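[1] task: produce atomic coordinates for the following.
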Amino acid sequence: MPKDTYQWHVLLWVPNLIGYLRLLICVLGVLCHYQSAHVWFLLLFLTNFALDGIDGYLARQLGQCSTFGAWFDVFVDLIARGFLWVTVNDVVGYCVICWEWLTFFAIHTIFGKGWKEPPMTPPLVATIMSNNFKTVHGFYIIGSLFLLPIWCYIMIHSPQLLPPGLSLQLQYLILILLLIGRFLAAIAEGWYVSEFMKSLLVVSEEKAS
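    As a prediction, the model looks like this:
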């Protein structure tokens, strides 16, 4: 029986090094939050999310796309959003991030690296995920995942950072638009979770007979 071989050098590819840097930025950001340095907190997390776009671009340009890198990128995203949501509200943050981790587990258990192009998706989910999210509505939905907790953080902890003259009505309108985007993402997540739950309830024909 042939032995498995491991490509350990993948761990040191540039996109993954950026992922390690993003984890460090998360830790520094949380420390800033608990020191009431809210501006630095926001700058660090905005930098974190900007790097999220850069690592994928570099992976493609350098020919350093990997199964580990695709998994690790989403893993770091969840860590970052988890820290954000918990600083917004402990209870809400815990619920949101538990849901996102459940989705992450379901996706990689059932579909693995092909999760962005799953077979037999419902029309609404297929529309949400069309062209690998590289559509206007895709950018809106993915943007809402990241911007909703940031917007909530600003409204709660740093309202002085809001543009001067931005009325309370406009603030809540932006919040509602981001909530709608997050709800659309939850629809797709819910489908993945339901597929995972169904896989746990499958009874093979041999056992059924």
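[2] show me where pLDDT drops low in the chain?
    Applying pLDDT under 70 to the chain flags the ranges 1-4, 204-209.
[3] strands along that one, start to end?
    Assigned strands in the chain: none (criterion: DSSP state E).
[4] just the helices in it please.
    Listed in chain order, the helices of the chain (DSSP state H) span residues 14-34, 38-61, 67-88, 90-110, 123-128, 136-157, 168-200, 205-208.
[5] between those helices, which one is closest to E117.
    Across these, the minimum distance to E117, taken as Cβ to Cβ, is reached by helix 123-128, at 9.6 Å. All C-beta atoms are positioned from the backbone trio N, CA, C, and that covers glycine.
[6] coming back round to it: check the helices of the chain for me and report the most buried one.
    For these, the largest average neighbour count (mean count of other Cβ atoms under 10 Å) is found in helix 67-88, namely a mean of 19.
[7] could you dump the helices of the chain to a markdown table with distance to K116?
    Below are those laid out as a markdown table (distance: least, Cβ to Cβ, whole Å):
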| stretch | distance to K116 |
| --- | --- |
| helix 14-34 | 17 |
| helix 38-61 | 12 |
| helix 67-88 | 9 |
| helix 90-110 | 9 |
| helix 123-128 | 11 |
| helix 136-157 | 11 |
| helix 168-200 | 10 |
| helix 205-208 | 31 |
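[8] who touches the residue sitting nearest the centre point of the chain in this structure?
    Central residue of the chain (Cα atoms, centre = their mean): D77, 4.5 Å from the mean position. Residues in contact with D77 (Cβ atoms under 8 Å, 6 or more residues apart in numbering) are D52.
[9] what's the distance between A186 and T103?
    Using Cβ to Cβ, to the nearest Å, A186 is found at 9 Å from T103.
[10] now swap in V30 and tell me
    23 Å.
[11] please apply the same query to G93.
    16 Å.
[12] also N131?
    In this structure, N131 lies at 20 Å from T103, with Cβ to Cβ as the measure.
[13] just L51 next, same as before
    Here the distance between L51 and T103 works out to 22 Å (Cβ to Cβ).
[14] and what of N16?
    In this structure, N16 and T103 are 22 Å apart, going by Cβ to Cβ.
[15] one more: I141?
    For I141, the distance to T103 under the criterion Cβ to Cβ works out to 14 Å.
[16] what's stretch 28-46 in contact with?
    Under Cβ under 8 Å, 6+ apart, the answer for stretch 28-46 is 25-26, 48, 80, 83-84, 87, 150, 153-154, 157-158, 161.
[17] if we use 6 Å, what do you get?
    Stretch 28-46 has contacts (Cβ atoms under 6 Å, 6 or more residues apart in numbering) with I25, F83, T87, H157, S158.
[18] output those residues as CSV; include the columns distance to F196.
    Shown next, in CSV, are the contacts of stretch 28-46 (distance: Cβ to Cβ, whole Å):
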residue, distance to F196
I25, 31
F83, 25
T87, 29
H157, 35
S158, 38
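[19] for those, which one is nearest A126?
    When the contacts of stretch 28-46 are compared for distance to A126 (Cβ to Cβ), F83 comes out closest, at 31.6 Å.
[20] my read: that closest one touches C26, true?
    Yes - the pair F83 and C26 qualifies as a contact (Cβ atoms under 6 Å) at a distance of 5.3 Å.
[21] circling back to that earlier point, which one of the helices of the chain lies nearest to Q7?
    Using Cβ to Cβ as the measure, helix 67-88 is the one of those that comes nearest Q7, at 8.5 Å.
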